[in-house]
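# coords please:
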Amino acid sequence: MTKAISPRSRKVRILATLGPASSTPEMIERLFDAGADAFRINMSHGDQQSKVAVFAAIRGLEKKLGRPSTILADLQGPKLRVGKFAEGKVMLQAGHEFVLDRDSTPGDATRVELPHREIFEAAHPDARLLLDDGKLVLRVIGVQPDRLTTVIEVGGSLSNNKGLNVPDMVLPLAALTEKDRSDLAFAVEMGADWIALSFVQRPEDLMEARRLIGGRAALLAKIEKPSAIARLEEIVEQCDGVMVARGDLGVELPPQTVPPLQKRIVETARRMGRPVIVATQMLESMIESPSPTRAEVSDVATAVYDGADAIMLSAESAAGKWPIESVAMMNSIADAVERDPTHGDRVHFTITRPDPTTADALSEAAKNIAATVSASAILCFTTSGSTARRIARERPSVPIMVLTPKVETARRLGLLWGVHAVHTRDVDSFEEMVAKSKRMAMRHHIAAAGDRLILCAGVPFRTPGSTNVLHVVTLVGDELKTYKGDQDA
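Model (predicted):
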């Protein structure tokens, strides 16, 4: 039996990262109650065994609530770091030369090991090397097979194993490290719904992950490298969703360029029908403070006005002092923005032209008809989720209720704008489709007597990718009485 779980009142989704502050079953349920729609498990921290209980807790909540849960496993990706120093750290002076080489001898104020052969292969004069999240800046002035000579443009303290960013190079690195391959296999085995691939540079980077996933999860590309921007449409075409990962993107690019790039990535993903997540530092001050800054509130609101599918909390919910309050605040900001009378117009600043297919034509028509006849919701039957993605791309003014016989599909749709997914048995006839749509809409409190519903489906039924039916129905009082006690799922 499908339980009567009401949909969220807002359409943008909230993705909450789990961590030391929020990994118990009790905390995960409290995050859901506060507004979290999906959960991110960061594979960069902790070992695999420690995450088994987290996966189990999320699925336990799914069983308790009777509502599909969504899990995104975020792979670490290749981490570039310098070696160690003889005294643990050094002070680099602006204007001085500094060498990075392949020598494992502990470094000093003149040199340090760089244990990444690929950087030596890709380096060229005038390329920048950013150390410790961009706090220090080196510029290459000489390139040899095992030695890079640089001049220090921005100096400061540099300690052992600090991270390195190379914004001016496309590295001949595999997108997946050995750790990533192991973590990917583990996450898929545990039933993750989405796999996020870090530091994507080119569309080819997605191929190995796609092969290893083998259709068992959706693939999300994190856009955090300047080289990815240069081939953005190709990357979006090859993945199932994208993330605007503003952390490293803001390190490798001047900060003033990140906001327009965020809008470009969101617009591209929406136009191409891929869910898009805006992430990193959205409510950063709430790691320590019970309330955000006004600038952070505005930042979250901007992502909602732009029509992002999801907005994400990182350390705020994973390790901060106020994880529940962070989710509740993000939820209240999104609610306030979506109640703004201008929200609908702003969301449609991005023009999403339908492809010349029946499914796309019907999806656009469903949005328009729902607005014209003041329907309460759009309901669609789908096996793969493609119909739901097409309809969500149009950003209709009403909720989208998705009925699917595949629990995997229902779970993956948890990151999709405006979608309330229900795992239920499939239908075999047009009459059964209509009856079930009415029953489910009332059971999930998405419609009441007198309301109109827009139905989308494919005939013949049980055939993926065959969306070819658009139907308008009205709920009447007698049907409400008939279906109120019907428990057939």
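
# contacts, neighbours, all on C-alpha from now
Fine.

# hmm, L130 is touching L164, no?
Yes. With contact defined as CA atoms under 8 Å, L130 reaches L164; the gap is 5.6 Å.

# least trustworthy helix or strand in this structure by mean pLDDT?
Sorting the helices and strands of the chain by mean pLDDT, DSSP states H and E puts helix 477-484 at the bottom, at a mean of 53.

# nearest residue to K51 other than its sequence neighbours?
Take K51 and drop its neighbours on the chain: the residue closest to it by CA to CA, 6 or more residues apart in numbering is I41, 8.0 Å away.

# per-domain residue ranges of this structure.
Under the assignment automatic domain parsing, the domains of the chain span 13-77+175-341, 89-165, 358-484.

# now render those domains as TSV, adding distance to F349 and mean neighbour count.
Converted to TSV, the domains of the chain look like this (distance: least, CA to CA, whole Å; neighbours: other CA atoms under 10 Å):
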stretch	distance to F349	mean neighbour count
domain 13-77+175-341	8	20
domain 89-165	34	18
domain 358-484	11	20
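
# out of those domains, the one nearest G83 is which?
For those, proximity to G83 was assessed by CA to CA; domain 89-165 is nearest, at 4.8 Å.

# average pLDDT across that closest one?
Summarised as a single mean, pLDDT over domain 89-165 is 96.

# and the next element down the chain from the helix or strand hosting A56?
Using DSSP states H and E, the element containing A56 is helix 48-65. With elements assigned by DSSP H and E, the helix or strand that comes after helix 48-65 is strand 71-74.

# how long is stretch 250-258 from one end to the other?
6 Å (CA to CA, to the nearest Å).

# check which helix or strand S437 maps to.
Assigned by DSSP H and E, S437 falls in helix 430-443.

# grab the most central residue of the chain for me.
Residue closest to the average C-alpha location in the chain (CA atoms, centre = their mean): I277, at 4.0 Å.

# surely A392 is in a strand?
No. Under DSSP: H, G, I helix; E, B strand; the rest coil, A392 sits outside any strand and is assigned helix.

# so it sits against G414, correct?
No. If you go by CA under 8 Å, A392 and G414 don't touch, sitting 11.9 Å apart.

# just say helix, strand or coil for the nearest residue to I324 once chain neighbours are set aside.
Leaving out its chain neighbours, the residue that sits closest to I324 by CA to CA, 6+ apart is L31, at 5.6 Å. At L31 the chain is in helix, as set by three-state DSSP.

# could you point out the helix or strand that follows the host helix or strand of K222?
K222 is part of strand 218-223, with elements assigned from DSSP H and E. Following strand 218-223 in sequence order, the next helix or strand is helix 226-230 (DSSP H and E).

# just the C-alphas of the helix or strand immediately after that next one in the chain, formatted as CSV.
Note on helix 226-230: by DSSP H and E, the next helix or strand toward the C-terminus is helix 232-238. Extracted in CSV, the C-alpha atoms of helix 232-238 (Å, rounded to 0.1, in the frame of the first residue of the first chain):
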residue,chain,number,x,y,z
LEU,A,232,30.1,22.6,-21.1
GLU,A,233,27.4,21.5,-23.6
GLU,A,234,29.3,18.4,-24.5
ILE,A,235,29.7,17.5,-20.8
VAL,A,236,26.0,18.2,-20.0
GLU,A,237,25.0,16.0,-23.0
GLN,A,238,27.0,13.0,-21.6
